[in-house]
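Asker: I would like the atomic coordinates for the input below:
(chains A and B)
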Amino acid sequence: MRLVAQRYTDQELFAAIQGGGKACDQAIQYLYKKHLEKICKFVTGRNGSREEAKDVFQDAIVNLLVGIQEGKFEQKSSLGTYLYAISKNLWYRRFNRSLKQDNLESAGVSEEIEDGTPEILLMEDHQREMLGDLLSHLKPKCKEVLTLWSQRFSMKEIASQLAYSNEQVVRNKKNHCLKELKEMVRKNPDVQSLMAELVEK
Amino acid sequence: METENTTFLQIEAYLGKEMNEEERLIFEQEMESNSDLAHEVALQRKTHALLSLNNQLAYKAKLQAFDAELEAAQTTVIRPFWTQTWVKAVAGVAFLLVLGYSLAYLQYNSQSIRQGAFSPYNNAFSVRHTDSELEKILKDGIEAYSEQRYQTAIELLSQIPYDPAQPLPRLYLGISYLAIGDGEAALRELHPISQTNSAVSQAAEWYGLLAQLEEGPTDAALAHLKEVASTPDHSYQKKAQGLHRQLDHPLRRWLRIP
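Answerer: So this is what the prediction gives:
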């Protein structure tokens, strides 16, 4: 089993995540494998579990990903330091640990990092279900095309992955499916308010 | 319809930051004076936000799957001596290989079965010599279709207005879409013909059915296939029976392979 053989610099990681697609998947796997044990050590050293550590670390990576792809991330420290700080903040908040139990400086983080909260963390279970339910009304191919497109896979990558003859077909398909989804959103006021609520936060 | 599509594409360019400074300013001024446009932009922005949320969930799921993969690679299972015989190891590997091969074969096959059922409908249409521009486009479109240059056929035949009394050009347009893998567009063109009493309505229904399957073998598509397969006077009954037999394989159903 090949589990991330390539090595990256921070700049390469940043570019890969920004570009999306397959390269982004590989970059986040690299980050996950490289830094997971450090987060686990931090959490288990404070009576937390490995599962808690993994949960917050996965959210920290999603946070980083959204920040970079939406142009909201400003790189003031290394990506590793950023992920470490975000994971710690999330763990303290989510598992109701007291910040006083620990000294941030002694844990090796010399700067406070402001973390934006990814929208998924703000969603309740029933809201996730609502979202899943809406998307389940799309035809399977439409869902695949839109998912890959929104993960920034190029038209060429999508054409090759879904066996379309060329990029123009994918472009037409994406527009058609997006229109369908827009009509579903138009007919669903609950989804509209959820989106407005989360986007404003 | 055309205007709606243009507005949709303009909003896409605006949200995707593909407009230059001048275009963006004009668009934003238009939004300020046109509340309908502003509403459409807000709705499209929410649709994008919905996909972004779905993405975040998808990335978290990808990380969880990757974590499971890492765990599996790192876990060393210590088994009692009697379970560690080479025979069991070889049998295990062989079993996995056979299972993997079977799954890969079934998955590959579902797609190839659907694609294998497609063969272009023979051209039965001739265009007399004419100086009319439209007829010239039609002639070139039919020629491209006959030579299986489907992308060109689409570009040309989509310019010909639909005439229910002469549905062949539209049938060829639908089949061309199907040939390049755009089931959705194929269905859009073929469905109206399949609802008529014309000589090619059954052909349109058959290719429309393949287009439905191309979009994913949903229960509705399989039910439609079964219906054609059990209609004795349908010209495509035999083809439908063969395809239904292959797609409705019990193992494929049990494993939920599309």
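Asker: Does A:K141 touch A:L162 like I think?
Answerer: Yes - the criterion here is C-beta atoms under 8 Å, and A:K141 meets it with A:L162 at 7.1 Å. Every residue, glycine included, has its C-beta placed from N, CA and C.
Asker: Name the residue in these two with the higher neighbour count.
Answerer: A:K141 (19 against 16; other C-beta atoms under 10 Å in any protein chain shown).
Asker: all helices of the stretch 151-258 of chain B, in order?
Answerer: B:168-179, B:183-194, B:201-214, B:219-229, B:237-247, B:250-254 (DSSP state H, counting those that start in this stretch).
Asker: Just the CA atoms of the longest one, as PDB, please.
Answerer: The reference is to helix B:201-214. What follows is helix B:201-214, C-alpha atoms only, in PDB (Å, rounded to 0.1, in the frame of the first residue of the first chain):
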ATOM      1  CA  SER B 201     -40.400   7.100 -31.700                       C
ATOM      2  CA  GLN B 202     -39.400   3.600 -30.500                       C
ATOM      3  CA  ALA B 203     -35.800   4.300 -31.600                       C
ATOM      4  CA  ALA B 204     -35.900   7.500 -29.700                       C
ATOM      5  CA  GLU B 205     -37.300   5.700 -26.600                       C
ATOM      6  CA  TRP B 206     -34.500   3.100 -26.800                       C
ATOM      7  CA  TYR B 207     -31.700   5.600 -27.100                       C
ATOM      8  CA  GLY B 208     -33.400   7.700 -24.400                       C
ATOM      9  CA  LEU B 209     -33.300   4.700 -22.200                       C
ATOM     10  CA  LEU B 210     -29.600   4.200 -22.800                       C
ATOM     11  CA  ALA B 211     -29.200   7.900 -21.900                       C
ATOM     12  CA  GLN B 212     -31.100   7.400 -18.700                       C
ATOM     13  CA  LEU B 213     -28.800   4.400 -17.800                       C
ATOM     14  CA  GLU B 214     -25.800   6.500 -18.700                       C
END
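Asker: helices or strands up against that helix?
Answerer: helix B:86-116, helix B:168-179, helix B:183-194, helix B:219-229, helix B:237-247 (3 or more C-beta pairs under 8 Å, 6 or more residues apart in numbering or on different chains; DSSP states H and E).
Asker: Excluding chain neighbours, give the residue nearest to the residue in the stretch 101-250 of chain B positioned nearest to chain A in space.
Answerer: Nearest residue of the stretch 101-250 of chain B to chain A, counting by C-beta to the nearest C-beta: B:G216, 3.5 Å away. Take B:G216 and drop its neighbours on the chain: the residue closest to it by C-beta to C-beta, 6 or more residues apart in numbering or on different chains is A:P140, 3.5 Å away.
Asker: Next one: that neighbour from B:L209, what distance?
Answerer: Plainly put, A:P140 is 16 Å away from B:L209 if you go by C-beta to C-beta, to the nearest Å.
Asker: Looking at these two, which one has more neighbours?
Answerer: Ranked by neighbour count (other C-beta under 10 Å), A:P140 and B:L209 place B:L209 first, with 24 against 13.
Asker: The more buried one against B:E227, yeah?
Answerer: No - using C-beta under 8 Å, B:L209 makes no contact with B:E227, being 9.3 Å away.
Asker: just the helices of the stretch 151-258 of chain B: most buried one?
Answerer: helix B:168-179 (a mean of 25; mean count of other C-beta atoms under 10 Å in any protein chain shown).
Asker: list the helices and strands it packs on?
Answerer: By 3+ C-beta pairs under 8 Å, 6+ apart, helix B:168-179 packs against helix B:133-146, helix B:150-157, helix B:183-194, helix B:201-214.
Asker: who wins for proximity to A:I17 among those helices?
Answerer: helix B:183-194 (31.3 Å; C-beta to C-beta).
Asker: got the angle for that closest one vs helix B:150-157?
Answerer: Relative orientation of helix B:183-194 and helix B:150-157, computed by axes from the mean of the first three to the mean of the last three C-alpha atoms, to 10 degrees: 50 degrees.
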